[in-house]
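> Please find the sequence and the predicted model below.
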Amino acid sequence: MSEKKQTVPFSGTKEQEQALREVIAGHKDEPGALMPVLQKAQEIYGYLPIEVQKMISDQMGIPMEKIYGVATFYSQFNLNPKGRYRISVCLGTACYVKGSGDIYNALMEKLGIVGGECTPDGKFSLDACRCVGACGLAPVMMINDEVYGRLTVDDIDDILAKYE
Amino acid sequence: MENVNLKINGISVSAPAGSTILEAARIAGVKIPTLCFLKEINEIGACRMCVVEVKGARNLVAACVHPVNEGMEVQTNTPKLLESRKRTLELILSDHERKCLSCVRSGNCELQELCKELGVADEDYFAGERNHYEPDTSAPHMIRDNNKCILCRRCSAVCEKVQTVGVIGPNNRGFATAIGSPFEMGLGDTSCVACGQCIAACPTGALYEKDNTDDVLAAIADPEKHVVVQPAPAVRAALGEEFGYPMGTDVEGKMAAALRRIGFDKVFDTNFSADLTIMEEAHEFLDRVKNGGVLPLMTSCSPGWVKYCEHYYPDQIAHLSSCKSPQQMFGAIAKTYYAQKMGIDPKNIVCVSVMPCTAKKFELTREDEDAAGVPDVDISITTRELARLIRKLGIDFCSLPEEGFDDPLGESTGAGVIFGATGGVMEAALRTAVETLTGEELASVEFTEVRGTAGIKEATYHVAGMDIHVAVASGLSNAKIIMDRIRSGESQYHFVEIMCCPGGCVNGGGQPQVHGNVRNFTDVRAIRAKVLYDNDAAKTLRKSHENPSIRRLYEEFLGEPGSEKAHHLLHTTYVERSVNEI
């Protein structure tokens, strides 16, 4: 599934690895420890790339497929890091009927990534979200804490340019 | 254990406390349909095919996991239940690629069978969005086509629990859920050991071996090629099931006749090279014992086990016997000794094997399996593929006469035939090793301690003043227990037999598929293994070293077991692999 592929090179540090080791050691031989370990790992790294899942698999003796299955089941886990600029397009009912699907698709095309991914330079990440409480401005997207409303596809280039 | 009394469809039943409704119904002679349920492997009550009504219960309950209680009243066939099961099937069909006519499982598909039995009239009842997947063809032995997958999870449960490999499982959620490997890598890029137990567990055509039957027919049609065939011991114990014979029928003679009618130039037998393997392996064992070699010696006949050892215990591969498997030894001898005897260029010999195994397709591609400078074995087909070939060529299997195998690579002893059951290689090796050590004839050739379908068997034999500790394991979850003991240094074993598939090759990943509703209530391994032990018991010669053709092979060609020539032709090397390679 292309939406799960990783686009940003892994850049974990020795300190992060040490922190993960300590988390795993704290849960050694504890049944059902995978969820808390994954949650802590995501706190440490911000996301759960293959390199991190491999460390967890090797150290906990759990097949990587099991870990990946859990990581892709729960929406709280990310396989890709968030960009410096986190774009969230509202696909809630009001925004959707006002055409936010087109905005979302246009962003995927312009950024060359799909939802859940991050551009290879680490600049933009793209996600869909549900209702930001600004239905009167539909269709709406947010970039970090900035809200953009009454969007059309033609607005996108100018907005993205502000973040160059 | 105490029994509880309940009523199923008004019939009074007494069932052991802790039984499921499904088991109790079985006692009452009531069949409840199942689909995702595999006893002791996949007990998740997910598919809702086995739903029943329990008096007083708010909802329909899953009979496969719901325990019985005293005084329980169960109905299994009310109109509500029949409707529910039918709707469930229609929902499954709404996202199932219904190319049944061209499907490898057509006529043998559990989903198809249930749709027929439960009267599904409209496969488009729930027409809607469909998932579309590219089949995964990356593994050397098999294909996974998720378009036919019904997400029952039988495959991933077998992979994770029975084989402790766990390279496939459900990824993502909801409608996007699909069986796959981590980070959507191809199966061929994982530490899959190629055992094919997932294929054996699959109820539909989502998982199947790479079919090589056309390669076989092309070789036979080529006038330049001399095509020889070798069926493995376990094939004769199960091939009959494909043609309506009851499980446990020995079809050795008909199988030989069928192979001849398919058009092979010579119909030989892997049992012959199983005897040869014993000659080399028993010699290797005695050599390691006498000369302080690495112990315990571990058998290397099972390519799924060998690959597992290489991936998961790379630090232990020195324990593996250097002997090639019987499949590969056969090819090596066919293309050297036999080629010379017949005056045929080994390049023009095509060696085909019929195996109960999918990992054999991988094994023949390994390095250092080319005694004559060409691959020892060219094509390996499964028992299922042989059945397909027989049907394709219009051979009426049931009316075939019983025929024998050709000389000189078709003669075998009872020791060779029991290779197909867990403990068989150990018993065959002991028959030869003990007589070699003591120099005396065995009073009884039957080493019953290592027989049976238990996952792990241990025994100690007092031979020539020493205690020989042996262990036998089948199924990789059991192999793992033995390997952890060996790795930690706590084992006292001298000789260990490990078979990748639970019960050994009779239950291999290339054998005829047994439907869940049969397999849950039948000891498939024991019934098929009995064929091999009966075959052995009926033979006059039951020790590999008494095989006249094997003796002649050593006299004319190889010299002694373990000779330089034997080593060059019949032994191989292993590689260290890793798990989770990125």
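Done, it's in. Numbering: from 1, shown residues only, chains lettered A, B, ... in the order given.
> For residue B:518, I want the exact helix or strand it lies within.
Element membership for residue B:518, per DSSP states H and E: helix B:516-519.
> With just CA atoms, put the very next helix or strand once past that helix into PDB.
Moving toward the C-terminus from helix B:516-519, the next helix or strand (DSSP H and E) is helix B:524-537. Below are the C-alpha coordinates for helix B:524-537, written out as PDB (Å, rounded to 0.1, in the frame of the first residue of the first chain):
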ATOM      1  CA  VAL B 524      -4.700 -36.100   9.700                       C
ATOM      2  CA  ARG B 525      -1.000 -36.600  10.700                       C
ATOM      3  CA  ALA B 526      -1.600 -39.900  12.500                       C
ATOM      4  CA  ILE B 527      -3.800 -41.300   9.700                       C
ATOM      5  CA  ARG B 528      -1.300 -40.500   6.900                       C
ATOM      6  CA  ALA B 529       1.700 -41.600   9.000                       C
ATOM      7  CA  LYS B 530       0.100 -45.000   9.500                       C
ATOM      8  CA  VAL B 531       0.300 -45.500   5.800                       C
ATOM      9  CA  LEU B 532       4.100 -45.200   5.900                       C
ATOM     10  CA  TYR B 533       4.500 -47.300   9.000                       C
ATOM     11  CA  ASP B 534       2.300 -50.000   7.500                       C
ATOM     12  CA  ASN B 535       4.300 -49.800   4.300                       C
ATOM     13  CA  ASP B 536       7.500 -50.200   6.300                       C
ATOM     14  CA  ALA B 537       6.200 -53.200   8.300                       C
END
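> which residues sit against helix B:524-537?
B:233-234, B:236-238, B:247-250, B:252, B:414-415, B:417-418, B:420-422, B:424, B:451-453, B:502-504, B:506-507, B:511, B:514, B:518, B:542 (C-beta atoms under 8 Å, 6 or more residues apart in numbering or on different chains). In this view, the C-beta of every residue, glycine as well, is placed from N, C-alpha and C.
> how about the residue in the stretch 301-450 of chain B positioned nearest to chain A, what does it touch?
Per C-beta to the nearest C-beta, residue B:312 is where the stretch 301-450 of chain B lies closest to chain A, at 10.3 Å. Going by C-beta under 8 Å, 6+ apart, residue B:312 touches B:191, B:480, B:483, B:579.
> in chain B, which residue is closest to the centre?
residue B:508 (0.5 Å; C-alpha atoms, centre = their mean).
> excluding its backbone neighbours, what's nearest it?
residue B:356 (3.5 Å; C-beta to C-beta, 6 or more residues apart in numbering or on different chains).
> Same check on residue B:556?
That would be residue B:337: by C-beta to C-beta, 6+ apart, it lies 7.6 Å from residue B:556.
> What number of residues are in the vicinity of the one you found?
For residue B:337, the count of nearby residues is 20 (other C-beta atoms under 10 Å in any protein chain shown).
> So it, which state does it fall into?
At residue B:337 the chain is in helix, as set by DSSP: H, G, I helix; E, B strand; the rest coil.
> OK, contacts around it?
Neighbours of residue B:337 in contact, by C-beta under 8 Å, 6+ apart: B:553, B:556-558.
> Going by distance to residue B:67, which of these wins?
Closest approach to residue B:67 among the contacts of residue B:337 (C-beta to C-beta): residue B:553, at 58.6 Å.
> quick revisit: just the buried ones from the contacts of residue B:312?
By neighbour count, with 16 or more other C-beta atoms under 10 Å in any protein chain shown, the contacts of residue B:312 hold B:191, B:480, B:483, B:579 as buried.
> Distance to residue B:46 added to those residues, as JSON lines?
JSON lines is the format used below for the buried ones among the contacts of residue B:312 (distance: C-beta to C-beta, whole Å):
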{"residue": "B:191", "distance to residue B:46": "27"}
{"residue": "B:480", "distance to residue B:46": "27"}
{"residue": "B:483", "distance to residue B:46": "32"}
{"residue": "B:579", "distance to residue B:46": "28"}
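> From those residues, which shows the smallest pLDDT?
Lowest pLDDT within these is found at residue B:579 (94).
> doesn't residue B:193 make contact with it?
No. Using C-beta atoms under 8 Å, residue B:579 is not in contact with residue B:193, being 10.9 Å away.
> Mind listing the shared neighbours of those two?
residue B:311.
> residue contacts, residue B:131?
By C-beta under 8 Å, 6+ apart, the neighbours of residue B:131 are B:95, B:146-147, B:175-176, B:178.
> a helix runs through residue A:44, doesn't it?
Yes. Per three-state DSSP, residue A:44 lies within a helix segment.
> Would you mind listing where the chain has pLDDT under the threshold?
No chain in the question, so chain A it is. A:1-6 (pLDDT under 70).
> Let me rephrase: I mean chain B.
Judged by pLDDT under 70, the stretches of chain B that qualify are B:582.
> Quick check: closest non-adjacent residue to residue B:100.
residue B:106 (5.3 Å).
> Can you list the residue ranges for strands in chain A?
Ranges of strands within chain A are A:85-90, A:124-129, A:141-143, A:146-148, based on DSSP state E.
> Chain B is nearest to which of those?
strand A:124-129 (13.9 Å).
> neighbours around the residue of chain B at minimum distance from chain A, how many?
Chain A sits closest to residue B:166 of chain B, with a gap of 3.1 Å, by C-beta to the nearest C-beta. Residues contacting residue B:166 under the criterion other C-beta under 10 Å number 25.
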